[in-house]
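Chemist: give the three-dimensional model of this entry:
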Amino acid sequence: MATENLPSAGVSTVRPAVHGVKNVAFFVENRNGVHLAVAIARALPDDVTPLFFTADAQGEVVEWISQAVAELSITNEIHNISEGKAGTEGWLERVGDASNEFIRSHGVDVVVLFNDRSRRGSAVMSATRTQVGTVLVQDGHLQFRHRRDSYIDRDQNWSYGITNPSSICVWGQSTADFISARDPSLDSTIRVTGAIGISDDELFNQAVVRTEPHRLSVDSRPKFLLADQALSDQGKCGQEEHRRTLVELVSSVQQYGEVSIKPHPSSSRRHLNWLEETFGDAVIANGRGLSLSGPQPPQAVITFYSTAYIDGLKNDVPVIFVSMLAVSVVMPHIQSPLLRNVLGARGVRGVLEQYLEAGEFPGNEHGAPIGSVIEPDVHPANAIVEEILAAEPMPPLPDEPDHEEGRTAALLDHLMSDVTDEGRIALVADDFSFKTGAPIPIQTALRYGSAELLSRIVIVDVRAFNSARDLARELSRYRIVLVNSLASFWRNRIVADSFFQFRQEFGNVYVYAHETEWVFDHEAQRVPGRHRKLLQALPTMTVLCVSQHQAQFMAEQGAQSTRVVFNTSPNMGGRVRRRDDEGSPVRRVLMAGTVQPRKGVDLYSQLADLARSSDDQLAFSWAGRLPKKFEESFELSKNVDWLGELSRSEMELAFRDHDVFLLSSRDDPMSLAVLEAAQSGMRIVTYSEVGTSEVFNGVSGYAAFYEYTPAAALQAVRDVLSTRPDYDSFDEALVKFSPRSLRNKIVGVMTEESAANPAFPISWEPVLQAESSESLYPAVAVFLRSRPKPEDIEGLLRRARVSLQRPLLRRLLIALHEEDWPTAQAWSVIGHACRDYGAELRTAAVHCVDRGLEVDTNSKRVHDLRRALDEDARIASEGESVQEGLERDSGSAQLRGALSRVRSRLQL
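Modeler: A predicted model of the protein is given here:
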């Protein structure tokens with residue numbers, strides 16, 4: 001184990017704390033981590049010693065970390081725990097073992113990390129979390145949206161904190177909500193601390209409250225900075241697409257001013273060479289990162305998705321985020337007069353034109369408040385130190401769910417693989433960020449899917465599409481489309497229009513419904529146009545329902561196929577908690593949900609008042625937020641303890657502290673809160689017309705009121721308190737609501753219906769008969785959905801050369817070369833067709849060669865295509881020489897003949 005001396009550290013005099021922490025070890029992997037670690041170390045109490053360690057097999061990390069802290073005054077050693085060569089078998093296990101040895105030999109009480117999803121960070125966290133306290137500190141922006149988002153192929157941001165450390169310190173509330181929604185079990189360990197060097201920065205805090213527009217101030221030609229991202233190097237999009245976009249952006253911005261290009265620090269040498277060859281002196285030397293604090297900052301920064309906005313906010317420099325359809329990652333909208341989200345180069349041109357003409361930058365008028373992304377005006381280091389001093393070892397993580405539980409689950413996943421071979425499932429969502437409600441069941445169930453099933457699921461975020469046509473083009477790629485909640489149709493015009501106009505292009509469509517009469521009536525009045533489109537699309541979809549009552553209602557609305565799959569939540573699946581029936585003289589009644597008319601807030605208030613006047617020994621509480629739009633809608637009873645919105649861990653405590661859960665909703669197909677309350681051992685009371693009644697009717701410990709009145713509800717509470725719950729029957733009723741059960745039912749329905757429709761027939765004719773782009777693209781989508789083989793593609797292209805006008809043939813080839821083909825032969829067929837088309841598509845042909853060789857490096861067909869393209873390049877070079885000769889001697893018949901031969905050979 002190697003050590004290197006680092007410069008001395010000054011430690012601030014923070015309050016002398018009563019704690020048992022003596023040594024805190026910071027695991028650092030990069031320069032940013034060092035700066036954050038030093039800031040935290042300086043805030044530690046005087047009696048706590050900071051230590052620094054890393055795992056660097058080559059020694060390079062230790063060297064540049066030492067350089068990074070040279071200007072920082074910290075006295076300590078950096079310990080290198082790496083043993084052996086990185087990447088060799090068992091190396092990460094050795095890193096974990098060395099971590100444990102390090103914390104043991106140095107008496108470490110708490111380990112602080114900045115990334116638990118890097119290979120090294122994950123190994124250190126897994127090895128130490130049960131031995132000592134562990135604190136994870138956010139070191140960069142985590143929340144990005146995705147047009148499509150695979151459960152398997154996610155980036156590290158999505159699973160941040162999944163190792164379950166003692167504490168997770170995040171920048172802002174929106175990140176806390178993001179992590180909590182992904183994994184509710186982490187809710188109690190998340191602490192919003194703000195961001196070091198940002199939340200405590202005066203310039204940033206001024207930007208948070210700023211409302212006035214940014215005004216253009218320039219005496220000469222405006223200057224703009226294009227901050228590139230490592231899109232192609234990181235596999236976010238193809239190399240050609242990345243380069244084409246950069247060229248288009250630079251060309252667009254140059255119409256309005258000078259452009260400098262800042263490469264991303266992690267760009268490959270190949271990409272850097274291309275940037276320098278293409279843009280020359282406009283490329284800024286690749287250094288440590290973006291800095292806008294110089295004397296002559298640019299008038300705006302253009303980038304794709306990054307933390308560039310933080311520098312922009314601090315230095316009063318506008319930032320434009322450019323979204324590309326080819327890139328799934330989307331920077332979320334943040335409301336600020338200095339930030340703007342646009343689609344493509346055309347969107348950039350529109351913003352710059354408005355900026356220069358009006359003299360004011362047109363920032364985002366909507367989006368997440370900056371203060372929710374990064375908590376302003378706080379001292380993050382002190383807050384993080386509080387978490388460090390309180391951190392304790394965590395219990396071992398539970399075993400992973402049994403993905404192949406029983407013959408049924410194994411068979412379903414096997415059938416799923418058979419019927420969706422080479423296909424994927426599009427899970428369509430309007431918003432998966434909510435911690436309650438519609439997103440919870442499907443997310444919970446999918447955590448119990450096998451790796452093979454999860455690898456086939458791609459989340460399609462409808463908010464990231466700009467037109468119904470774009471969304472339809474995306475959904476037409478999938479064999480199965482699963483829409484989570486009908487709410488997407490009402491909330492998002494693009495969803496309603498896409499299913500209304502282009503439903504025939506999609507494969508099997510399922511919608512997992514969470515709504516019944518009240519919501520339907522409400523939305524029919526609020527958005528009648530979208531509601532009509534939903535009703536017209538409903539007969540073409542299979543509706544997955546949470547109760548028999550809901551299935552009957554959906555059939556009445558026109559659904560031709562309904563299947564009951566029930567519901568689930570993260571707390572379902574084990575035995576119901578047994579309670580001692582001897583309670584206090586006052587029995588406590590609880591309702592949970594948003595305080596709104598649909599949830600029966602009037603009934604609940606009147607019930608509490610009636611119980612008080614009747615001298616019943618009952619106390620009433622309601623857990624849930626009160627939306628502003630409902631504040632004046634009703635008078636809340638003083639006999640109810642309005643608890644406000646609770647975290648998941650607080651909600652679990654509320655269940656345990658109350659005796660009866662009373663669902664006051666008049667219309668609720670299957671309440672998750674009721675299921676969780678029953679799981680905790682509470683008695684249950686509901687209106688007889690809600691879905692819960694189907695599950696618990698006749699079970700001791702449940703009572704229904706058949707008239708929707710306070711008196712009837714109060715009598716039901718009295719009745720249920722007079723009986724002893726039959727917990728065995730509760731167990732039996734709730735087993736169908738386990739995550740595995742929901743997973744099995746949904747996959748079973750898909751398997752059954754997909755097996756009845758095993759494949760899409762190959763269809764060339766609609767493509768060949770297309771007369772415009774509007775008719776070509778739907779036909780191409782249908783062709784692609786049929787999963788064509790290389791010979792099918794070849795047959796289509798052979799006919800298309802004859803049948804299609806040249807512009808449409810070009811569009812067809814572009815559409816085909818943008819797909820993700822699994823065989824080198826398919827890439828070869830499309831690449832040859834692009835080459836045959838002519839010079840306009842030679843770049844596409846080169847792309848096909850690159851992709852084909854990725855699939856099969858030894859493919860003879862692809863190598864033949866590459867040689868042909870190399871020969872084309874040689875002939876083109878020869879043609880340039882001939883052309884130069886003609887410019888000197890235009891009368892040379894020999895040169896004119898040579899040029900004619902070159903053009904013929906190049907098919908120009």
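
Chemist: measure the residue lying closest to A127 once chain neighbours are set aside to A429 for me?
Modeler: Nearest residue to A127, sequence neighbours excluded (Cβ to Cβ, 6 or more residues apart in numbering): G96, at 3.4 Å. Any C-beta I mention is one placed from the backbone N, CA and C, and that applies to glycine too. Using Cβ to Cβ, to the nearest Å, one gets 36 Å for the distance from G96 to A429.

Chemist: neighbour count winner among the two?
Modeler: Taking neighbours as other Cβ atoms under 10 Å, G96 and A429 compare with A429 leading, 23 against 20.

Chemist: one step back: is the residue nearest to A127 in contact with R129, as I believe?
Modeler: No. The pair G96 and R129 does not pass the contact test of Cβ atoms under 8 Å, sitting 10.8 Å apart.

Chemist: roughly how far does I442 sit from S722?
Modeler: Taken as Cβ to Cβ, the spacing of I442 relative to S722 amounts to 38 Å.

Chemist: quick one: low-confidence ranges for the stretch 451-600 of the chain?
Modeler: Along the stretch 451-600 of the chain, the model assigns pLDDT under 70 to residues 451-456, 571, 573, 581-584.

Chemist: what is the neighbour count of the spatially closest residue to S323 that is not a sequence neighbour?
Modeler: In space, S323 comes closest to L343 once its chain neighbours are excluded; the distance is 4.9 Å by Cβ to Cβ, 6+ apart. L343 is surrounded by 19 other residues when neighbours are defined as other Cβ under 10 Å.

Chemist: ok, D521 next?
Modeler: Residues contacting D521 under the criterion other Cβ under 10 Å number 12.

Chemist: can you check P539 too?
Modeler: A count of nearby residues for P539, using other Cβ under 10 Å, gives 12.

Chemist: for V509, same thing?
Modeler: Taking other Cβ under 10 Å as the criterion, the count of residues near V509 is 20.

Chemist: same deal with the one 3 residues further on?
Modeler: The tally of other residues near Y512 (other Cβ under 10 Å) stands at 23.

Chemist: quick check: it touching V564?
Modeler: No. In this structure, Y512 sits apart from V564 without contact. The criterion is Cβ under 8 Å, and the distance is 11.5 Å.

Chemist: residue contacts, the residue nearest to A127?
Modeler: The contact partners of G96, taken as Cβ atoms under 8 Å, 6 or more residues apart in numbering, are 123-124, 126-127.

Chemist: follow-up on the earlier one: so which of I442 and S722 has more stuff around it?
Modeler: Neighbour count, other Cβ under 10 Å: between I442 and S722, I442 has more, with 23 against 8.

Chemist: would you mind measuring from the more buried one to S485?
Modeler: For I442, the distance to S485 (Cβ to Cβ) stands at 9 Å.

Chemist: swap in D657?
Modeler: As judged by Cβ to Cβ, D657 and S485 stand 31 Å apart.

Chemist: looking at the two, which one has more neighbours?
Modeler: It is S485, of D657 and S485, that has more neighbours when counted by other Cβ under 10 Å, with 22 against 10.

Chemist: can you map out the helices along the stretch 751-900 of the chain?
Modeler: Counting by DSSP state H, counting those that start in this stretch, the stretch 751-900 of the chain forms helices over residues 765-768, 773-785, 790-803, 806-817, 824-837, 842-855, 860-888, 893-906, given from the N-terminal end onward.

Chemist: partners of the host helix or strand of V481, with directions?
Modeler: Per DSSP states H and E: V481 is located in strand 480-484. For strand 480-484, the pairing partners within the sheet under DSSP bridges are strand 425-429 (parallel), strand 508-512 (parallel).

Chemist: could you identify which of the ones you listed is most buried?
Modeler: Counting by mean count of other Cβ atoms under 10 Å, strand 425-429 has the highest mean neighbour count of these, with a mean of 25.

Chemist: right, and the helix or strand after that strand?
Modeler: Scanning the chain past strand 425-429 towards its C-terminal end, the next helix or strand to appear is helix 439-446 (assignment: DSSP H and E).
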